[in-house]
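S.K.: I need the structure of the sequence given here:
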Amino acid sequence: MRGTLVLEQTASCHVEVTSASRGPVRELRLKRNTRAVSYIRLSASNGTARGVRACVRVHGDELPLVAVAHNVSMSKWCRLCVVLIAFIPLFTHAATIKIEIEGLEDELRDAARSSLDLQKFAQRDDTTPTQIRRLFDRADEQIQEALQPYGYYDARVESDLQRGETQNEFVARFTVELGEPVVVRESNLRIEGAARTEPEVLQVLDVFEPKVGQPLNHAAYEDSKEQVSAQLRALGYFDSELLTHRVEVVKSANSAAIDLQWQSNQRYRFGEVNFSDSQFPDEFLRRYIPWKEGDYYSSEQLLMLQQRLVDADYFSTVAVQPDLENAGEDTVPIEAIALPAKRTVYTAGAYVSTDSGPGVRVGIDRRWLNKRGHKVGGEIAYSQRLEEYSAYYRIPKPGERNRNYNFGIGYRDEETDTTRSRMARLAASEVLDEWHGYTRTLGLQYLNGDFEVAEQKHSTNLLFAEAMLTRRRADDLMFPTRGLSILYGLRFGAEALLSDTSFAQLRAEAKWIRPAGDSGRFIARAAVGAMAVDNFDALPPELRFFAGGDRSVRGFDYQAIGETNAEGGVIGGEYLTIASAEYEHYFVENWGAAVFVDAGDAYSSDFDANVGAGIGLRWRSPVGLLRIDVAVPVVSDLEHGLRLHLLIGPDL
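M.R.: Model prediction:
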């Protein structure tokens with residue numbers, strides 16, 4: 001007879017079986033599957049089975065099992081299958097394992113540990129001592145294999161398995177001696193075909209790693225190999241092939257030779273661009289394409305089209321990619337998916353700054369008015385010291401040189417400790433997105449209004465031209481660890497052209513951010529300015545140079561630094577010089593502290609440095625970086641005292 005016993009829990013056990021049948025027990029076998037279920041099979045070759053009795057010994061305890069069999073006649077060569085059902089559960093204690101690896105550090109230690117099957121079973125609650133011993137026997141070989149991708153082919157491992165404080169606790173110790181790494185002695189990298197002269201491909205080959213003389217690192221090798229293939233695809237060599245890829249390792253000499261050869265085949269050209277259905281006709285969208293049909297394919301040009309569509313602010317989703325399935329003999333069509341964004345956007349928010357005081361801002365933007373993509377919008381800002389109303393109308397002119405024509409109107413009422421200004425403004429400008437790496441703005445502005453400086457009241461009419469170059473680069477716009485912003489500005493007006501005075505003004509600003517250690521940032525900031533003016537008193541405060549405040553020289557009130565009149569009132573200056581250095585350290589992900597020193601002056605004759613220093617608190621809030629700074633004047637002839645500076649918003 002043959003019987004099957006199913007146990008609900010894996011156990012290390014001994015099985016004894018007796019049978020009511022006359023024939024001897026022919027087969028006794030114990031199996032375990034991945035579900036931790038044990039099967040006991042009993043077999044006999046007698047002719048009749050009337051019943052089976054079995055017992056299972058678990059760690060010395062004998063547990064009876066009950067089974068029932070029907071009377072079944074069997075020939076000499078037939079067998080009877082009887083199902084034995086265990087009604088008594090089996091309980092065992094799982095073994096635990098602690099793994100210690102010596103002789104390795106950081107990445108190598110992590111790689112060795114993660115390669116161990118022993119480590120994987122250490123997290124389970126059903127591991128038996130037998131399994132631990134079996135997995136331990138394979139551990140030395142697994143560690144050696146894990147170190148080979150890092151160039152260590154001759155590593156030696158000494159291992160020891162001991163019991164811990166209890167019977168079911170084990171400690172596995174491994175001591176690793178790395179030996180000498182395998183070093184690349186020869187590297188033969190070749191590109192066959194038209195791509196062999198492409199500068200971008202040659203540049204990737206030049207930085208290929210591992211280089212001759214470096215340890216053979218498999219991960220670096222695979223990454224570099226993929227970068228070459230990716231660069232070929234990025235230039236339109238979609239049919240490129242890796243013909244030879246061989247790494248020969250001579251363990252006895254600890255040396256390796258790399259042999260790679262690519263065949264670039266033909267380079268594809270841009271075919272037709274197919275836009276998805278959107279709110280604009282294809283003729284309008286095609287103006288954003290930076291290439292001409294028939295030009296050689298370039299992923300850089302593809303990304304430029306995608307970025308232009310994103311920057312246009314018409315679409316919620318933009319995706320541009322080559323349609324390789326429908327590629328022709330030497331051309332590839334382009335698919336551009338552009339899903340419409342919400343047409344009208346309403347904004348509202350509160351802001352805070354010690355320069356202008358707490359305030360609120362509301363706005364509305366109509367992303368497109370017509371099929372030509374015209375935009376219109378307006379904003380109202382109201383705070384303790386500032387009241388401003390503005391509206392704009394924008395006409396986009398997409399093309400090879402993407403640009404916008406902007407028209408604006410506004411009114412600004414601002415008050416500081418030394419000035420008060422009420423100015424109406426008309427403006428018109430042309431903005432060119434890409435001009436030698438900068439965004440270029442050319443425009444005209446007209447100002448009309450009244451202002452008061454150091455208790456002296458004036459009114460003015462000024463028409464002036466303005467040119468500005470700006471550049472902004474950052475790895476993260478909300479919280480950059482590497483970033484740079486640059487601004488160059490030029491303004492000039494003539495008394496003969498609707499202005500109360502003639503003037504010319506130059507200014508430059510820069511901010512530089514770099515990481516400092518694993519949890520810090522270093523921020524440097526500078527600003528300079530100079531002007532020539534016939535009648536300085538005719539210039540409103542916004543066209544004069546002042547220093548002091550949250551974004552200028554901390555430790556001093558907003559616009560508190562400048563040339564003074566006979567009564568001692570601050571009237572601003574014709575020149576500006578500001579420099580700042582700051583270090584931030586983040587103790588946790590979103591919270592940190594800062595130390596800083598600022599210096600500068602706004603003057604018309606002699607430069608007189610005003611230096612402020614202090615400490616601050618930083619919080620990476622959901623709406624931007626919150627800066628709370630406390631600073632004092634260190635070097636200055638002005639009034640000394642502790643000042644609080646509060647500012648929220650992006651760094652660049």
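
S.K.: name whatever forms a beta bridge with residue 242.
M.R.: Beta-bridge pairing for residue 242 (DSSP bridges): residue 262.

S.K.: mean confidence for the strand or helix carrying residue 300?
M.R.: Under the assignment given by DSSP states H and E, the secondary-structure element containing residue 300 is helix 299-311. Mean pLDDT, taken over the full extent of helix 299-311, equals 93.

S.K.: next one: stretch 236-256
M.R.: The pLDDT scores in stretch 236-256 average 92.

S.K.: send me the longest helix seen in the chain as CSV with only the CA atoms.
M.R.: Criterion DSSP state H: the longest helix present in the chain is helix 129-147. Taking only C-alpha atoms (Å, rounded to 0.1, in the frame of the first residue of the first chain), the coordinates of helix 129-147 have been written out as CSV:
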residue,chain,number,x,y,z
PRO,A,129,19.6,24.9,11.9
THR,A,130,20.1,22.5,9.0
GLN,A,131,19.3,25.1,6.5
ILE,A,132,21.7,27.6,8.1
ARG,A,133,24.5,25.0,8.0
ARG,A,134,23.8,24.2,4.3
LEU,A,135,23.7,27.9,3.4
PHE,A,136,26.9,28.6,5.4
ASP,A,137,28.8,26.0,3.3
ARG,A,138,28.1,28.0,0.2
ALA,A,139,28.9,31.5,1.6
ASP,A,140,32.6,31.6,0.9
GLU,A,141,32.1,31.1,-2.8
GLN,A,142,29.3,33.6,-2.9
ILE,A,143,31.4,36.3,-1.3
GLN,A,144,34.3,35.6,-3.8
GLU,A,145,31.9,35.9,-6.7
ALA,A,146,30.4,39.1,-5.4
LEU,A,147,33.9,40.8,-5.3
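
S.K.: returning to that earlier point: what lies in contact with the helix holding residue 300?
M.R.: Taking contacts as C-beta atoms under 8 Å, 6 or more residues apart in numbering, the residues outside helix 299-311 that touch it are 233-235, 270, 273, 285, 288-291, 295, 315, 318-322, 334, 336, 338, 398, 402, 433. Where C-beta positions appear, they are placed from N, C-alpha and C, glycine not excepted.

S.K.: and the buried ones among those, selectable in PyMOL?
M.R.: A single PyMOL command is used to select the members of the contacts of helix 299-311 judged buried by 16 or more other C-beta atoms under 10 Å:
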select buried, resi 233+234+235+270+273+285+288+289+290+291+315+318+320+322+334+336+338+398+402
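
S.K.: just the ones in strands from the contacts of helix 299-311, please.
M.R.: Taking DSSP state E as the definition of strands, the contacts of helix 299-311 contribute 270, 273, 315, 318, 319, 320, 321, 322, 334, 336, 338, 433.

S.K.: the last one reaches residue 439, doesn't it?
M.R.: Think residue 433. Yes: between residue 433 and residue 439 there is a contact under C-beta atoms under 8 Å: 5.9 Å.

S.K.: state the distance from the closest residue to residue 136 other than its chain neighbours to residue 100.
M.R.: Once its chain neighbours are removed from consideration, residue 136 has its nearest residue in residue 161; the separation is 4.9 Å (C-beta to C-beta, 6 or more residues apart in numbering). Residue 161 sits 11 Å away from residue 100, taking C-beta to C-beta, to the nearest Å as the criterion.

S.K.: the two: which has the busier surroundings?
M.R.: Of the pair residue 161 and residue 100, residue 161 is the one with more neighbours under other C-beta atoms under 10 Å, namely 16 against 11.

S.K.: who does the more buried one bridge with?
M.R.: Partner residues in beta bridges with residue 161: residue 172, with DSSP bridges as the criterion.

S.K.: residue contacts, it?
M.R.: By C-beta under 8 Å, 6+ apart, the residues touching residue 161 are 132, 133, 136, 170, 171, 172, 173.

S.K.: which strand in this structure runs the most residues?
M.R.: From DSSP E, the single longest strand across the chain is strand 456-474.

S.K.: tell me what it is packed against?
M.R.: If you count contacts as 3 or more C-beta pairs under 8 Å, 6 or more residues apart in numbering; DSSP states H and E, strand 456-474 packs onto strand 438-453, strand 483-493.

S.K.: rebuild those as TSV, extending it with mean neighbour count, distance to residue 505 and mean pLDDT.
M.R.: Formatted as TSV, these follow (neighbours: other C-beta atoms under 10 Å; distance: least, C-beta to C-beta, whole Å; pLDDT from 0 to 100):
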stretch	mean neighbour count	distance to residue 505	mean pLDDT
strand 438-453	17	12	96
strand 483-493	18	4	97
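
S.K.: any chance of these in a markdown table with distance to residue 589 as columns?
M.R.: What follows is these, written out as a markdown table (distance: least, C-beta to C-beta, whole Å):
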| stretch | distance to residue 589 |
| --- | --- |
| strand 438-453 | 33 |
| strand 483-493 | 19 |
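
S.K.: just want the phi and psi numbers for residue 106.
M.R.: Here the main-chain torsion angles of residue 106 (degrees, to the nearest 10) amount to phi 50, psi -120.

S.K.: follow-up on the earlier one: from the contacts of residue 161, which two are the most distant?
M.R.: By the measure C-beta to C-beta, the contacts of residue 161 have their two most distant members at 133 and 173, which lie 14.7 Å apart.

S.K.: re the thing from before, of the ones in strands among the contacts of helix 299-311, closest to residue 281?
M.R.: Distances from the ones in strands among the contacts of helix 299-311 to residue 281 were compared by C-beta to C-beta; the smallest belongs to residue 338, at 12.3 Å.

S.K.: can you tell me how far that closest one sits from residue 303?
M.R.: Residue 338 sits 15 Å away from residue 303 when distances are taken as C-beta to C-beta.

S.K.: likewise for residue 422?
M.R.: Separation of residue 422 from residue 303 (C-beta to C-beta): 46 Å.

S.K.: higher neighbour count, the two?
M.R.: residue 422 (17 against 13).

S.K.: pretty sure that one contacts residue 389?
M.R.: No: no contact is recorded between residue 422 and residue 389 when judged using C-beta under 8 Å, the distance being 11.8 Å.

S.K.: pull up the overlap in contacts between those two.
M.R.: If you check residue 422 and residue 389 against C-beta under 8 Å, 6+ apart, the residues they both contact are residue 411.

S.K.: could you point out which element follows the helix or strand where residue 531 lies?
M.R.: Assigned by DSSP H and E, residue 531 falls within strand 520-533. Scanning forward in sequence from strand 520-533 by DSSP H and E, the next helix or strand is strand 575-586.
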